[in-house]
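*Asks:* no letters, just coordinates:
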């Protein structure tokens, strides 16, 4: 089973955006060395703790500093963009870097309504997402006779397109187009089981995918001990609380007592939203990842973990790769 990295290029308290992007490049290099298959970055706007807003630019920067790992978007929020512009951006990336570029597409705006209007997309009415996906794939596919608009670069690059989602809508759309599907289970898992079932039941084979292909997103906080890992996780718990209460900021420093920091009730609500998580020592993380894989039967997993200290984040990623190698060996021997 392939395993990958989802990176939000977090800007940690006490640091800045320049350092966050440098950390992303360093983490991608470690991921490549550790055997990860993909390195995806996500589009978020008006978020001081996330440095990947200009997603295609950061993807190109990471691809420039790696050699073999696939680099892509997890994802591009297509309602924010003209399909032609995205086709040209990712067509350019594929022209430069070859068959290493992935394009995951999401339907959410990646910000609030103020962001949507600032991006000049708020004037459009209705849900154009399915039409925009189809249009984008045409630009990336083989040239069509008589087409008045073509993506240069883009046409004929066949950049692999994924559908991302956290609801049944994305599952239905991925099945309709015969595309691979990645579920945002690392922060919005409520519809996970139903979405998987619908996607697999309704999947229509396409030119590039003859059967459904589902990727599960999992938070991972791994360290030498369970206590160390739990301590590292408190950063994202705090960040999620701040986001939910309308006060997003840089990734907080970890704390010894998360309940004293945010309150037990709020911490429990956040943990429920972030329940697709493996946190602990290598042995604990292995048991938790094995259970999640056994329950949801993904074709791939993508691992996310916003950790304040970069060295601890690199270490967590390396532990997770070792765990996934062990899990794959066990599955092969079964």
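*Replies:* Cool, got the structure. What you are looking at is a predicted structure, and each value in this text was computed from that prediction instead of being measured. Numbers count the residues shown, from 1 in each chain.

*Asks:* need the residues that contact whichever helix or strand residue 200 is part of.
*Replies:* Assessed by DSSP states H and E, residue 200 sits inside helix 192-202. Contacts of helix 192-202 with the rest of the structure, by Cβ atoms under 8 Å, 6 or more residues apart in numbering, involve 165, 167-168, 170-172, 174-176, 181, 183, 185, 212, 214, 276, 296. Yep, even glycine has a C-beta here, placed from its N, CA and C like the rest.

*Asks:* please repeat the previous calculation with a cut-off of 10 Å.
*Replies:* 163, 165-176, 179-181, 183-185, 189, 191, 211-214, 216-217, 275-276, 295-298 (Cβ atoms under 10 Å, 6 or more residues apart in numbering).

*Asks:* likewise for stretch 254-272?
*Replies:* With contacts defined as Cβ under 10 Å, 6+ apart, stretch 254-272 is touched by 187, 189-190, 227-228, 230-245, 252, 277, 307-309, 312.

*Asks:* how distant is the helix of greatest length in the chain from the center of its chain?
*Replies:* If you go by DSSP state H, the chain has its longest helix at helix 310-333. Mean-position distance between helix 310-333 and its chain equals 18 Å (Cα atoms, centre = their mean, to the nearest Å).

*Asks:* counting by contacts, list what it packs against.
*Replies:* Applying 3 or more Cβ pairs under 10 Å, 6 or more residues apart in numbering; DSSP states H and E, we find helix 310-333 packed against strand 2-7, helix 17-34, strand 214-222, helix 226-244, strand 277-280, helix 282-296, strand 300-304.

*Asks:* out of the ones you listed, nearest to residue 321?
*Replies:* Nearest to residue 321 among the helices and strands packed on helix 310-333 is helix 17-34; the distance by Cβ to Cβ comes to 3.8 Å.

*Asks:* that closest one vs strand 300-304, what angle?
*Replies:* 140 degrees (axes from the mean of the first three to the mean of the last three Cα atoms, to 10 degrees).

*Asks:* from what I see, residue 214 and residue 293 are in contact.
*Replies:* No. Residue 214 is beyond contact range of residue 293, at 11.6 Å (criterion: Cβ atoms under 10 Å).

*Asks:* low pLDDT regions in the stretch 151-300 of the chain?
*Replies:* For the stretch 151-300 of the chain, no stretch has pLDDT under 70.

*Asks:* before we move on, the earlier item: just the buried ones among the contacts of helix 192-202, please.
*Replies:* 163, 165-167, 169-176, 179-181, 183-185, 189, 191, 212-214, 216-217, 276, 296, 298 (16 or more other Cβ atoms under 10 Å).

*Asks:* which of those fall within helices?
*Replies:* Using DSSP H, the members of the buried ones among the contacts of helix 192-202 that fall within helices are 169-176, 296.

*Asks:* now tabulate those in TSV and tack on distance to residue 103.
*Replies:* Formatted as TSV, those follow (distance: Cβ to Cβ, whole Å):
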residue	distance to residue 103
169	19
170	15
171	18
172	20
173	15
174	13
175	18
176	18
296	24
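
*Asks:* out of these, flag the one nearest to residue 36.
*Replies:* Among those, residue 296 lies closest to residue 36 (Cβ to Cβ), at 19.6 Å.

*Asks:* spatially nearest residue to that closest one, not counting backbone neighbours?
*Replies:* residue 216 (5.4 Å; Cβ to Cβ, 6 or more residues apart in numbering).

*Asks:* ok, back up a step: report the buried residues of the longest helix of the chain.
*Replies:* 310, 312-317, 319-324, 327.
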